[in-house]
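what follows is a predicted protein model with its sequence.
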Amino acid sequence: MTKYSFLVLFLLTLVGCKKEEVTPDSLANELPVFMIMGNIDGEPVNFQAGVNGAYLSTHSVITAGVERFSGRIVQGENYSEFGLYNGNLLLPNSNITQVGTKISLSSPPNVALFNLNKELLNNYSNIESIDIKVNGKPYGKAVTIYEPGIYEICVDVHFLDAQQSSATICNTIVLGYKDFGAFKIQHSTSGSGQVQALIITAGQIANVDWFVDNVYVSSGNNFSGAISESGHVLMAEVSFANGVLIKRQVFVNGFDESVFVEDMMNFKLSLAETLMRDFKADFSIFRNGILYTHVPSVAQPEVIITGFSYYGLNTSGKEVYKLTGTISTQMKNNTTSSIVNAQFNVAIGIEIP
Amino acid sequence: MSWTDEELDALVREAANEKQVAYKDAYWHEMEAMLGASPARKISGWWWFNGIAFLAITIGATFVASSSGSPESNNNKLALSSELNEANLSNDLKNPMNVNSIVESIELNDDLKLNQNENIEIKAKSTKTKVINNEFKSTKLATLTNIAQAYKPSRSENVIEKSTSFNELNNGKRIVFESENNDFMGVKNDLSQNSDESSGVNSVGNSAFQNIAVSELMLKNWHSNPTSFFDRTPSNIPYLANKRVGFYAGLYGGLGHSYATTESKNALFQLGVSGGVEFFVRKWSFGVGLGYRQQFVRNLEIRSHKQYYTFGLMNVNQNLEYDQLLFADLNLNVNYSFGRSEIGIQASPTYMLGVRLNYSENREEIFGDKSIVTSVPEKNNQYVSSNNFETLSMNVGLNYSYAIQKNILLNLNLNTRVGGSLLKNSFAGNERKMPLMLEFGIKKRF
């Protein structure tokens, strides 16, 4: 019995030892963690955070309502930056971390995506003036949008009718990205106070609620009802099967067919889906005073992602994800406008708050 | 008819002379070791106790034997047993301290041609038996001496120089053996003579020697297991003599060289427990067991500066001050026993369980021309599994053990670490590659 007691005591002593691993930092590594290493036109270009004073600076910026997650390795005056745009806007449960293993570099914002002025309105002859606001910012009588994003476009219209009526409507429009809530309201007026409206969309509608001056009046794809002489805001709240919920307005007058403000979707310019920016990246290098920017290719994805995982918090307390992969693209020398080949191995941190 | 003194003396001498057994030095050396004859050895309390007991019992036995030999006691008839059969011998082997059989063998053997019509005072015989038994119980040395003195043939070449007497069995007379040497020599001679006969003790005529041989056999087995040397309980002797496997547990502490040669006052202290199993083969014991060891060290400090890469360059300055090292040992040892002592060697593969440290750290992370300095809160007395130490190592050493009681030994161990550095990383000082450790411990066998 004594010998067994001794063994039990011995084992208890061993098990009772508290063990704890001492490590300097969960993020620490004895080799550079973040780097952009490769060549431009055969000339080596290396950026390694922690080496020769280089460091990683991460950012998350919302431009035109869309996040851009980026990381820049800075070494003195030089830097190399990789950015990744969000995508699948409006879709609930969409997540940048769900990005695939092959992504393309984005096209530059040099294509008009939205254009609005008085003359483009169908009833411009009965309109005295318009004032346009984009995301709350006044743009006057005309606006052309090149930058992809989500915009709230409001237009204030003054009519030339006898009552010198005016109307203001605001619509949310997705430009340059896949629009999972795309529809527009098409209306008609009998002139005797009756208004009919319908939803035109390629998407699968789950439900439509109709509101007149923000008061619910009916549900269904079509609207039919009496609208008084002074004119009112007819709003459709459309629920799509994909979970997107979006509202859009028009201004109608049941007794005057020329007094209306049409759906702003009518002024959205078409864009090929391949040019849309969802989950696309951008890549640039500033070196020795020369800025190189990527030149997108529609043929094949330029970025091959081999790893994408959470890394840690940066000094601002924001979450940083480490993305590893390769970039094979052409880059434009913005000084000489020459196009050169570039290949890089990338291990970059991007801030995703 | 009754035996006369002369007849009885003649019979004993005749019986003794029938066996002339070769003398062997080895047994004599063993006997010397058992008797603690080394003059340099410090006499312990046990020896004082044994000596005093020996004297007291000898005197007492002489006194009792004298009184039992009085004429008034000669009325008892001798209850004779015609011969010493195998059963008796077997009993002797199982209980070699039973001197009754020895006495009876001498007195009752047919070969002695006792005349049963003669009165031999059984009272004297029985009293003598009792005295000898008491001697065995109190001291083995006394017992052996008396056995040798009692049955040493007076005409043997290996005579006992010193005169030793006890009461005659009959008529209160004394049988006096002339001894030319001291009593221990007599024991030696008798043992050596009978040792070769220990395996064939069926002959009735040699019964006296055969019984002594049984005792000698007991002695051989006894001192092959040194822990039994101080066991004075006869019933324990066969158990120990036949034991081949046993368990042990021990506690020990030690003082040793520091791991740092540059720190003169950095001797380390160590405490540990161990336990395991031992295998006994003649005088050798082979042990295997597990141990837990805790070293208390000072000034074992690592000051490290490392550069790590994260968002920028991170300079990490760590100060790790270790004050305890925890080990688990696989103890392998081989010991050779002689007398109450054992010497041996040990080898212990060692696994470092962890360390206790005080830990402080400063970090500086550089972002271009900016830097952020942070201090990690100090951690004191933290038990950790450190990467700064070699996990596996080996300790080898020499061991000396001394039995202070039955199955309790004091150990003295000198060992050192072999097989490379303790630390993977350099620390504040130069490392001593083979630090010596002197340990003192106590070990209990089960």
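Great, that's in hand.

low-confidence regions, the stretch 301-446 of chain B specifically.
Per-residue confidence for the stretch 301-446 of chain B (pLDDT under 70) gives these ranges: B:426-428.

repeat for the stretch 201-350 of chain A
Within the stretch 201-350 of chain A, the stretches with pLDDT under 70 are A:229.

what parts of it come near chain B?
Selection of the stretch 201-350 of chain A residues close to chain B by Cβ under 8 Å from any Cβ of the partner chain yields A:312, A:314, A:315, A:320, A:349. The way it works is simple: take the backbone N, C-alpha and C, and place the C-beta from them, glycine included.

distance of the residue sitting nearest the centre point of chain A relative to chain B?
By Cα atoms, centre = their mean, the mean C-alpha position of chain A lies nearest to residue A:66, the distance being 3.0 Å. Per Cβ to the nearest Cβ, to the nearest Å, residue A:66 is found 25 Å from chain B.

quick one: the residue nearest to that residue when sequence neighbours are not counted from residue A:61, how far?
On the basis of Cβ to Cβ, 6 or more residues apart in numbering or on different chains, the spatially nearest residue to residue A:66 that is not a chain neighbour turns out to be residue A:149, at 4.9 Å. Relative to residue A:61, residue A:149 is positioned 12 Å away (Cβ to Cβ, to the nearest Å).

neighbour count for these two, which is higher?
Neighbours of residue A:149 and residue A:61, each counted by other Cβ atoms under 10 Å in any protein chain shown, are more numerous for residue A:149; the result is 23 against 11.

who's that one bridged to?
Beta-bridge partners of residue A:149, counted by DSSP bridges, are residue A:175.

I'd guessed it sits against residue A:67; true?
No. The pair residue A:149 and residue A:67 does not pass the contact test of Cβ atoms under 8 Å, sitting 10.3 Å apart.

the longest strand belonging to chain A: how far from the chain's middle?
Counting residues, the longest strand found in chain A (DSSP state E) is strand A:319-333. The gap between where strand A:319-333 is centred and where its chain is centred comes out at 19 Å by Cα atoms, centre = their mean, to the nearest Å.

in it, what's buried?
By neighbour count, and taking 16 or more other Cβ atoms under 10 Å in any protein chain shown as the criterion, the buried residues in strand A:319-333 are A:319, A:320, A:321, A:322, A:323, A:324, A:325, A:327, A:329, A:330, A:331, A:332.

quick one on the thing from earlier: pull the most distant pair out of the residues of the stretch 201-350 of chain A next to chain B.
Of all pairs drawn from those, the one with the longest distance (Cβ to Cβ) is A:315 and A:349, at 11.9 Å.

now do the shared contacts for the two.
Shared between the contact lists of residue A:315 and residue A:349 (criterion: Cβ atoms under 8 Å, 6 or more residues apart in numbering or on different chains) are residues residue B:311.

please report how far residue A:132 lies from chain B.
Residue A:132 sits 43 Å away from chain B, going by Cβ to the nearest Cβ.

kindly report the residues of chain B close to chain A.
Counting by Cβ under 8 Å from any Cβ, the residues of chain B that sit close to chain A are B:247, B:249, B:273, B:275, B:290, B:292, B:306-314, B:316, B:318, B:320, B:326, B:328, B:353-354, B:357, B:359, B:361, B:363, B:365-369, B:372, B:382-387, B:446.

among those residues, which ones are in strands?
B:247, B:249, B:273, B:275, B:290, B:292, B:306-309, B:313-314, B:316, B:318, B:320, B:326, B:328, B:353-354, B:357, B:359, B:361, B:363, B:365-367, B:372, B:382-384.
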